[in-house]
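> Please find the sequence and the predicted model below.
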Amino acid sequence: MGLVASIRGERTHEIIRQGLEVLLNLAHRGAAGCDPETGDGAGILIQIPHEFFARECGELGMHLPEPGAYGVAMCFLPVDRHDRLQCEGVFERISAEDGLKVIGWRDTPVNGDFIGREARATQPYIEQFFVERPAGLDEDSFERLLYRVRRRIENEIAASDIEGKDDFFYIPSFSCRTIIYKGLMLAPQIEKFYAELADPLVTSALALVHQRFSTNTFPSWKLAHPYRYIAHNGEINTVRGNVSWMNARQGVLNSPLWGEDIDKLFPVIVPGGSDSASLDNAVEFLYQSGRSIAHVMAMVIPEAWAGNPDMDEDKRAFYEYHASLMEPWDGPAAIAFTDGRVIGATLDRNGLRPGRYIVTKDDLVVMASEAGVLDVPAQDIRKKGRLQPGRMFLVDTVQKRIISDAEIKKELAARQPYAEWLQQQQVTLEHLPEPSRVIASNPETLLRRQRAYGYSEEDLRILLSPMGATGAEPVGSMGTDVPLACLSDRPQPLFNYFKQLFAQVTNPPIDPIREELVMSLISYIGTERNILDEAPDNCHTLKLPHPILTNRDRK
């Protein structure tokens, strides 16, 4: 993944050209299937090119209002005309119900001759849908309305009997700020497929690009990056748990920004997406519910705070408060993100994916998965560097400056008295009363109980004895050749019925001793609360330093 941005916020076609050049120079990071001309996916996110759309829509008899006063949906629709018209009818009806004035549709010119055979077989019909902002709404409220309308459209079409919806229907973007051109293609094919990207009137102050190497899901048009807010290099290994927790807490979510309409946004995580798509769903929901994009990224991809003795206490309190509020989206990840006004990137707390950036003397920023993605003469470079674990790199095209990680985190930590809230609300084992009795073990029945609960000689010798002697978990292989517990006719310990999921690509091994700074076993027990509200009682949880309790800890 990579990004190009003008710090001054100057919209030019050169930014588009440079973004596509970054994409071309990252082509070796992508993949193709059995058809060498069908890539795993490539795409580019840019700001809405108003001058271009004003000219194109004018030729179709549609008048566009000023920039920001209209939204554009990039739509993947069924190829069958009847099915497509049904989808278009849902778009127009729901938009009108929510107060949007429908401006019209534009067929997006595409050239299928430049993509592979397999990509053409699943190629959707691609259109752009234009709507006008209702009177009295500011840009942020309009963007929220477009999000709600899109979720209503998606949910209604998903529940309909329209044929082809599962294979072809998807909305890559619906925004008054950004638009996404992507698909099942290789990097060199995207400008040839979407010919309008070469038009000089297509301008932007930022470009976010991505070439996909599919890992945990099959390649498809809808799973190409960028997504609506992020482009992702790496894996989210905790995705099943993250999605389950988000689904579980939907019943307590509420916000004055949504009111009773919040149910129309559910499910927050759209079923059938990849780990990146699911993360983007969560980021979009939190962002549209009132947090800044930097705040959201700090919540979902936090720094290593628990074992860092040098971290500022206010920043530590910010992270600990949010840790009791929701779980991190964990894994080796480099994530570029944008809301159409600011653009940046962040790295997971282990720093297991690369990110390099340069800043030129004419205020151009280039950041990508590796160095050298643009040929910039050395004398024109003002600064260069790399993303650091857990740190954030942010360019604000409105304020026209780069905002440092220290400034971002300082502002976030000062939002609320997080340290005071934790001191007042958080409960630890030391706060609880002394146990009335301590449960003792009977050594005479030990062997009988071990047999009854399915412990073997191997368990005692290889696992339990080293743990008891050293206080550390034995190091083992991620792979396992042990038969499934559910197929055994012998007693099995409860935990033998559960297996840990790992990403399908190779990830660097983690040494819990060497990596103590970034590893944590802290867990929180308590009532799930409303993650859209920053309130003191959100951190009213029991904090456990590790999940294993002794007899005395079980108070």
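Sure, I can see it.
> Which residue ranges of the stretch 351-500 of the chain form strands?
Counting by DSSP state E, counting those that start in this stretch, one finds strands in the stretch 351-500 of the chain at the ranges 356-360, 364-368, 381-386, 392-396, 401-403, 427-428.
> how about CSV for these, with mean pLDDT, distance to L201 and mean neighbour count added?
The C-beta positions use only the backbone N, C-alpha and C, and glycine is treated the same way. Formatted as CSV, the entries for the strands of the stretch 351-500 of the chain read as follows, by pLDDT from 0 to 100; distance: least, C-beta to C-beta, whole Å; neighbours: other C-beta atoms under 10 Å:
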stretch, mean pLDDT, distance to L201, mean neighbour count
strand 356-360, 96, 24, 19
strand 364-368, 96, 21, 24
strand 381-386, 94, 30, 13
strand 392-396, 96, 24, 23
strand 401-403, 96, 28, 16
strand 427-428, 92, 60, 13
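> between those, which gets nearest to A198?
Distances from A198 to each of these were compared using C-beta to C-beta; the shortest belongs to strand 364-368, at 20.3 Å.
> what's the closest one packed up against?
If contacts are counted by 3 or more C-beta pairs under 8 Å, 6 or more residues apart in numbering; DSSP states H and E, strand 364-368 sits against strand 2-6, helix 13-25, strand 356-360.
> Point out the most buried one among those.
Using mean count of other C-beta atoms under 10 Å, the stretch among the helices and strands packed on strand 364-368 with the largest mean neighbour count is strand 2-6, at a mean of 27.
> quick one on the thing from earlier: using a markdown table, lay out the helices and strands packed on strand 364-368 together with distance to R382.
Listed next are the helices and strands packed on strand 364-368 as a markdown table, based on distance: least, C-beta to C-beta, whole Å:
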| stretch | distance to R382 |
| --- | --- |
| strand 2-6 | 14 |
| helix 13-25 | 17 |
| strand 356-360 | 5 |
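> Please work out which residues outside the helix or strand of the chain at the bottom of the mean pLDDT ranking touch it.
With mean pLDDT, DSSP states H and E as the measure, the helix or strand of the chain carrying the lowest mean pLDDT is helix 465-470 (a mean of 84). Residues from elsewhere that reach helix 465-470, judged by C-beta atoms under 8 Å, 6 or more residues apart in numbering: A472, E473, P474.
> quick check, nearest of those to V90?
For those, the residue nearest V90 by C-beta to C-beta is E473; the value is 52.6 Å.
> Kindly provide the distance from the closest residue to the closest one other than its chain neighbours to S520.
For E473, ignoring the flanking residues on the chain, the nearest one in space by C-beta to C-beta, 6 or more residues apart in numbering is M467 at 6.3 Å. In this view, M467 and S520 are 19 Å apart by C-beta to C-beta, to the nearest Å.
> quick one: which of those two has more around it?
Under the neighbour definition other C-beta atoms under 10 Å, M467 and S520 were set side by side, and S520 has more, 16 against 13.
> I'd guessed that one sits against E303; true?
No. In this structure S520 lies outside contact range of E303 using C-beta atoms under 8 Å: 11.3 Å.
> rewinding a little: now render the strands of the stretch 351-500 of the chain as CSV, adding distance to L26.
Putting the strands of the stretch 351-500 of the chain into CSV (distance: least, C-beta to C-beta, whole Å) gives the following:
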stretch, distance to L26
strand 356-360, 12
strand 364-368, 7
strand 381-386, 16
strand 392-396, 18
strand 401-403, 23
strand 427-428, 47
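> I'd like to know which of those strands is closest to I236.
Judged by C-beta to C-beta, the one of those that comes nearest to I236 is strand 392-396, at 17.6 Å.
> CA-only coordinates of that closest one, as CSV, when you get a sec.
Below are the C-alpha coordinates for strand 392-396, written out as CSV (Å, rounded to 0.1, in the frame of the first residue of the first chain):
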residue,chain,number,x,y,z
MET,A,392,1.1,7.4,13.6
PHE,A,393,2.1,9.6,10.6
LEU,A,394,-0.5,12.2,9.7
VAL,A,395,-0.9,14.8,7.0
ASP,A,396,-3.6,17.4,7.4
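> returning to what we had before: for F52, find the nearest of the strands of the stretch 351-500 of the chain.
Closest to F52 of the strands of the stretch 351-500 of the chain is strand 364-368 (C-beta to C-beta; 21.7 Å).
> Which neighbours in the sheet does the closest one have, and how are they oriented?
Strand 364-368 has these partner strands in its sheet, going by DSSP bridges: strand 2-6 (antiparallel), strand 356-360 (antiparallel).
> Give me the phi and psi angles of the closest residue to G104 other than its chain neighbours.
In space, not counting the residues next to it along the chain, G104 is nearest to M62; the distance is 4.4 Å by C-beta to C-beta, 6+ apart. Comment: the main-chain dihedrals of M62 come out as phi -110, psi 140, following degrees, to the nearest 10.
> mind listing what M62 touches?
The neighbourhood of M62, defined by C-beta under 8 Å, 6+ apart, consists of I103, G104, R106, F130.
> again with E303
For E303, the residues meeting the contact criterion (C-beta under 8 Å, 6+ apart) are M311, K315, Y319, R349, P389, G390, R391.
> and it, that's in a helix?
No. With DSSP: H, G, I helix; E, B strand; the rest coil as the criterion, E303 is located in coil rather than a helix.
> any idea how far it is from P417?
With the distance defined as C-beta to C-beta, E303 ends up 20 Å from P417.
> swap in P545?
The spacing between P545 and P417, counted by C-beta to C-beta, is 24 Å.
> same thing with E444?
When C-beta to C-beta is the yardstick, E444 and P417 sit 55 Å from each other.
> Good, we can wrap up now.
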